[in-house]
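Novice: could you work out the structure for the sequence below:
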Amino acid sequence: MSPTDGAAHAAPQAAASQGRPVLSVRNLAKAFGSNVVLRDIDLDVRRGNVVALIGPSGSGKTTVLRSLNGLETPDAGTVTVAGPGTELALDFSAKVSKKEISDLRDRSAMVFQHYNLFPHMTVLQNVIEGPVQVQKRKRAEAVAEAEKLLARVGLADKRDAYPFELSGGQQQRVGIVRALALKPQLLLFDEPTSALDPELVGDVLGVIQELADEGWTMVIVTHELAFARQVADEVIFMDGGVVVERGPAAEVLRAPRQERTRQFVRRLLHEF
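Specialist: Numbering: from 1, shown residues only. As a prediction, this is how the structure comes out:
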């Protein structure tokens, strides 16, 4: 799967810009009523790197991800996204405007756990909806790029199919293409394989691995720890709304320092 124009747009010269975080999060906090789900979360993602968020259900991983795409509004903390163009800095301790949330969404794209494709639209229509309706790009340009992206994930022959005609793995690959079509700086994956039958997981993980190899900047919430160990530059283990441990994937998943991390990894990987 060769790089497309979208990949070139999102991850140019990744190795040359490793020192500069494309995303910085500081002191992110969120509560739903009396239920505190995030407490002072810090996160840096450098251009071209992959960060995996792991942890038990209810640990706050998905809330972090949704905050990075403007789908949740944190109660406090800052989210800063580097260029192109001007730096975008949102301070959720103060009032954040709809324009700022819109700008945040323009710089990231989410791949959802349950696909979230429009059922009344064909595959091609799902992919070009964002570029044409939101980004106001020319339809012919959006269609040409969508066809290239569908071909790269082996779905060129499904462009006129509807979601109900696809397997779960095919729908998730369309979801990835839809995100790529927006040419984001940051790709966000929320448990991208958890809704799939086991035999379909490999195809989706293969696409994500190739995107990582191409230098896309990604944050992935996943329970696939073996995959995280293979693809991620950094792993962050969360529990109870806080970061318990973070570090290089090989260290956190092979020799975690914290007992709570060891318990979690042992249960999922049957190691230690």
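
Novice: can you give me the helices in the stretch 151-272 of the chain?
Specialist: 168-181, 198-214, 225-231, 249-254, 259-269 (DSSP state H, counting those that start in this stretch).

Novice: just checking, what packs against the first one?
Specialist: Contacts defined by 3 or more CB pairs under 8 Å, 6 or more residues apart in numbering; DSSP states H and E place helix 168-181 against helix 5-10, strand 108-111, helix 123-129, helix 139-152, helix 198-214. C-beta: built from backbone N, CA, C; applies to glycine.

Novice: in TSV, list these along with distance to residue 223, mean pLDDT and mean neighbour count.
Specialist: Output for the helices and strands packed on helix 168-181, formatted as TSV (distance: least, CB to CB, whole Å; pLDDT from 0 to 100; neighbours: other CB atoms under 10 Å):
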stretch	distance to residue 223	mean pLDDT	mean neighbour count
helix 5-10	26	40	18
strand 108-111	15	94	24
helix 123-129	26	97	22
helix 139-152	26	96	17
helix 198-214	11	90	17
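
Novice: quick revisit: I'd like the helices of the stretch 151-272 of the chain laid out as TSV, including distance to residue 110.
Specialist: TSV is the format used below for the helices of the stretch 151-272 of the chain (distance: least, CB to CB, whole Å):
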stretch	distance to residue 110
helix 168-181	7
helix 198-214	14
helix 225-231	18
helix 249-254	22
helix 259-269	24
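
Novice: go through those helices and name the closest to residue 40.
Specialist: Shortest distance between residue 40 and those, using CB to CB, is found for helix 259-269: 17.3 Å.

Novice: I'd like the mean pLDDT over the closest one, please.
Specialist: Averaging pLDDT along helix 259-269 yields 93.

Novice: for stretch 223-243, same thing?
Specialist: Rounded mean pLDDT across stretch 223-243 is 94.

Novice: give the buried residues for it.
Specialist: 224-225, 227-229, 231-239, 241, 243 (16 or more other CB atoms under 10 Å).

Novice: beta partners of the most centrally placed residue in the chain?
Specialist: Residue closest to the average C-alpha location in the chain (CA atoms, centre = their mean): residue 188, at 1.2 Å. Beta-bridge partners recorded for residue 188 (DSSP bridges): residue 110, residue 219.
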